[in-house]
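Participant: can't give you the sequence, but here's the structure:
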């Protein structure tokens, strides 16, 4: 715990140490947020407590899995720029976290339509369909949270963000295994997949607290750029992280045909890499050494460095967006979070 | 067309003819609703018009597929019991129809997790996942429609109904292939699967038109009972309908392990039927004659007659709920719709 509590210095060394621990715990560093975070956690738990055993089990399992709860943190901190009222904000925070959770559940739904045989087993019916409807249920619970508000803007922003996430998901499916996509295709995808919801967390936190329109916009811009930086780092870590750090083997994105920034850059630098990846993915018997060789080629291509530099550019834009905001403690906290997100090495 | 336009007499003979044609066309019989129905249709179309080609294609395909648009009709007719304003009501109608459409899309998502092999093909990734996220997208668009309203009750009712549909879907999965379930399990399932959304269509139509609380409740009760009757008839038709009438072979529910009222009754009457169904479903090579023999045993068990009598009881409750409502033309229309729903033979 001490390790987490120690103050962070400028060179970001501790940022690396702290970024080891869950950002949910990092939130505890801001003592003022701890109590309110628990309120939000309770609200989320109350919300998904279904009468139905399967749903209850699935939902609580998700909750216990934890997660960074980064969206609630952004909601709370942004709320500080207006009339901060946790009993209002917790519904925004819960709604956004539930939308995020629902999209995670649906991400786990895999598709094997082509491999289908005539007959479906009962067991088979459980997994995917149950996951899908559990996701739908959590989606509905997010909407229920939003129903706390009369403010039309809040509903509009929330529903638009839900729709955008779906478009992002569809794009991700379409872009999978497409090794000829452009940088802007990747950027638009991570915007819809990650940055939008973080931007909206900041915007709605401010909106629900009646912060000025101008500050709402600044916080939106901050969130968008932090989100972009965050996802780019995530995509880097899938190449550079160890299995222990990632909790899964490196190269997962590649194996799923998710074309991320480092490999995009690497393929531009080295046409033959595209061929090797294609070869690798089209064989059923994959050798660990094959993926390792692909990962090494990406790492040595300069793609990681390029991705880092792009991430830093977004981070700088996030700092710039903060500049014009009033100097309250929350501003410093948002600056710190951005620093960690940009600085985390794993 | 003449066949569809001819007036309906009391013995319900024409009801049978008219119930052949899409109920959306039946709505045209109520001339006053035709113009407003088009407004709703336009609103739904505008709402799902995505920038994204796949989503646009999938959504418009759904729209062109038509569908009965029975929920919008209930919204409009119920709105007549208050300050009828189509420009308000169309958003309720669109929201409910979109929720219905989304749940249809998700119903089509099949699960083959158990049959999965290590490698996923690009093609495979398309079908199910695309369907799922298209459904999510349409869900989000339904929420967007709801964001037109400041009334907290509307949001609460809508979100609760979305959640209930999901619980219903999960229950359906759980209850599949369970040949020992009770009647009340079946009834609770069709309530969540069908009756709730129809009840809410009536309730919200009245609510959005500021009808009296009492009339809202009556319309809710009407919708619930009509919905129950509607689903029971649907489940009957899956046994009694011809392939031409159903657009698919009879016995589809049985093949999917969906335990409906006629078969529930039949199994109570004849224990050995349960064994035959189990045998039939557990073999990969199914003979058409096998399913025919099962269907015949269900038909000769009296299960169809029992289901019809239960459907009629719900229908009567729907009529009773209408009784207390003020005598306006919409009341007669609701009565007629109930009559058709209960009377349709296919």
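Facilitator: That came through fine. Just so you know, these numbers come straight off a predicted model, no measurement behind them.
Participant: who are the contact partners of residue A:330?
Facilitator: Applying Cβ atoms under 8 Å, 6 or more residues apart in numbering or on different chains to residue A:330 gives the contacts A:77, A:78, A:80, A:81. The C-beta positions use only the backbone N, C-alpha and C, and glycine is treated the same way.
Participant: that one and residue B:270, how far apart?
Facilitator: With distances defined as Cβ to Cβ, to the nearest Å, the gap from residue A:330 to residue B:270 amounts to 70 Å.
Participant: ok, back up a step: in CSV, list the contacts of residue A:330 along with distance to residue B:48.
Facilitator: Below are the contacts of residue A:330 laid out as CSV (distance: Cβ to Cβ, whole Å):
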residue, distance to residue B:48
A:77, 35
A:78, 31
A:80, 38
A:81, 36
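Participant: top of these by number of neighbours, please.
Facilitator: The member of the contacts of residue A:330 that has the most neighbours, counting by other Cβ atoms under 10 Å in any protein chain shown, is residue A:78 with 32 neighbours.
Participant: isn't that residue right up against residue A:219?
Facilitator: Yes - between residue A:78 and residue A:219 there is a contact under Cβ atoms under 8 Å: 4.7 Å.
Participant: need the residues touching each of these two.
Facilitator: With contacts defined as Cβ under 8 Å, 6+ apart, the residues adjacent to both residue A:78 and residue A:219 are A:202, A:203, A:205, A:206, A:211.
Participant: by neighbours, which of these wins?
Facilitator: For these, counting by other Cβ under 10 Å, the largest number of neighbours falls to residue A:205: 32 neighbours.
Participant: any idea which element that residue lies in?
Facilitator: Assigned by DSSP states H and E, residue A:205 belongs to helix A:196-208.
Participant: that helix near chain B at all?
Facilitator: No - between helix A:196-208 and chain B, judged by Cβ under 8 Å from any Cβ of the partner chain, nothing touches; the nearest distance is 12.4 Å.
Participant: tabulate the contacts of residue A:330 in CSV, adding columns for pLDDT.
Facilitator: Written out in CSV, the entries for the contacts of residue A:330 read as follows (pLDDT from 0 to 100):
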residue, pLDDT
A:77, 95
A:78, 97
A:80, 96
A:81, 98
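Participant: where does pLDDT dip in the stretch 151-300 of chain A?
Facilitator: Residue ranges of the stretch 151-300 of chain A with pLDDT under 70: A:284-289.
Participant: how about the residues of it that lie near chain B?
Facilitator: So the stretch 151-300 of chain A meets chain B at A:152, A:155-156, A:158-160, A:162-163, A:165-167, A:169-171, A:173-174, A:176-177, A:256-257, A:284 (Cβ under 8 Å from any Cβ).
Participant: for residue A:52, report the pLDDT, please.
Facilitator: On the pLDDT scale, residue A:52 is placed at 74.
Participant: let's verify the closest residue to it other than its chain neighbours: helix, strand, or coil?
Facilitator: Distances taken as Cβ to Cβ, 6 or more residues apart in numbering or on different chains put residue B:167 closest to residue A:52, at 5.1 Å, once the chain neighbours are dropped. Per DSSP: H, G, I helix; E, B strand; the rest coil, the local secondary structure of residue B:167 is helix.
Participant: measure residue B:167 to residue A:101 for me?
Facilitator: As for residue B:167, its distance to residue A:101 is 17 Å (criterion: Cβ to Cβ).
Participant: for residue A:188, same thing?
Facilitator: 24 Å.
Participant: and the two? Which one has more around it.
Facilitator: Neighbours around residue A:188 and residue A:101, counted as other Cβ under 10 Å, are more numerous at residue A:101. The numbers are 24 against 16.
Participant: got the buried residues for the longest helix seen in chain A?
Facilitator: Among the elements of type helix in chain A, defined by DSSP state H, the one spanning the most residues is helix A:213-240. Buried residues in helix A:213-240, counting neighbours by 16 or more other Cβ atoms under 10 Å in any protein chain shown, are found at A:215-240.
Participant: can you name the residues that contact residue A:302?
Facilitator: The neighbours of residue A:302, taking Cβ under 8 Å, 6+ apart as the test, are A:265, A:266, A:269.
Participant: cool, residue A:153 as well?
Facilitator: Taking Cβ under 8 Å, 6+ apart, one finds residue A:207 in contact with residue A:153.
Participant: ok, 10 Å please
Facilitator: Taking Cβ atoms under 10 Å, 6 or more residues apart in numbering or on different chains, we find residue A:153 in contact with A:203, A:204, A:207, A:208, A:216, B:147.
Participant: and the residues you listed, which two are furthest apart?
Facilitator: The largest separation in the contacts of residue A:153, counting by Cβ to Cβ, is between A:216 and B:147 at 17.4 Å.
Participant: for residue A:331, which non-adjacent residue is closest in space?
Facilitator: Closest residue to residue A:331 apart from its sequence neighbours, by Cβ to Cβ, 6+ apart: residue A:325 at 5.3 Å.
Participant: what's the neighbour count on the one you found?
Facilitator: 21.
Participant: kindly report the same for residue A:171.
Facilitator: Burial of residue A:171, expressed as a neighbour count using other Cβ under 10 Å, amounts to 20.
Participant: any idea which element it lies in?
Facilitator: Under DSSP H and E, the secondary-structure element containing residue A:171 is helix A:152-175.
Participant: in that helix, what's buried?
Facilitator: In helix A:152-175, counting by 16+ other Cβ under 10 Å, buried: A:154-155, A:157-175.
Participant: list the buried residues in the helix or strand hosting residue A:330.
Facilitator: Of the helices and strands defined by DSSP H and E, residue A:330 is found in helix A:329-343. Of the residues in helix A:329-343, those buried by neighbour count under the rule 16+ other Cβ under 10 Å are A:330, A:331, A:333, A:334, A:336, A:337, A:338, A:339, A:340, A:341, A:342, A:343.
Participant: low-confidence ranges in the stretch 1-150 of chain A?
Facilitator: Scanning the stretch 1-150 of chain A residue by residue, the ranges that satisfy pLDDT under 70 are A:1-32, A:50-51, A:64-67, A:110-126.
Participant: let's see that with 90 instead.
Facilitator: Counting by pLDDT under 90, the ranges of the stretch 1-150 of chain A that qualify are A:1-35, A:37-38, A:45, A:47-70, A:101-135, A:150.
Participant: can you pull out the helices in it?
Facilitator: Defined through DSSP state H, counting those that start in this stretch, the helices belonging to the stretch 1-150 of chain A, from first to last, are A:2-5, A:13-20, A:23-29, A:31-48, A:53-64, A:70-79, A:86-107, A:122-146.
Participant: I'd like the ones you listed as TSV, with distance to chain B appended.
Facilitator: TSV is the format used below for the helices of the stretch 1-150 of chain A (distance: least, Cβ to the nearest Cβ, whole Å):
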stretch	distance to chain B
helix A:2-5	36
helix A:13-20	31
helix A:23-29	26
helix A:31-48	10
helix A:53-64	5
helix A:70-79	17
helix A:86-107	6
helix A:122-146	4
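Participant: winner for burial among those helices?
Facilitator: Looking across those with neighbours counted as mean count of other Cβ atoms under 10 Å in any protein chain shown, the highest average goes to helix A:70-79: a mean of 28.
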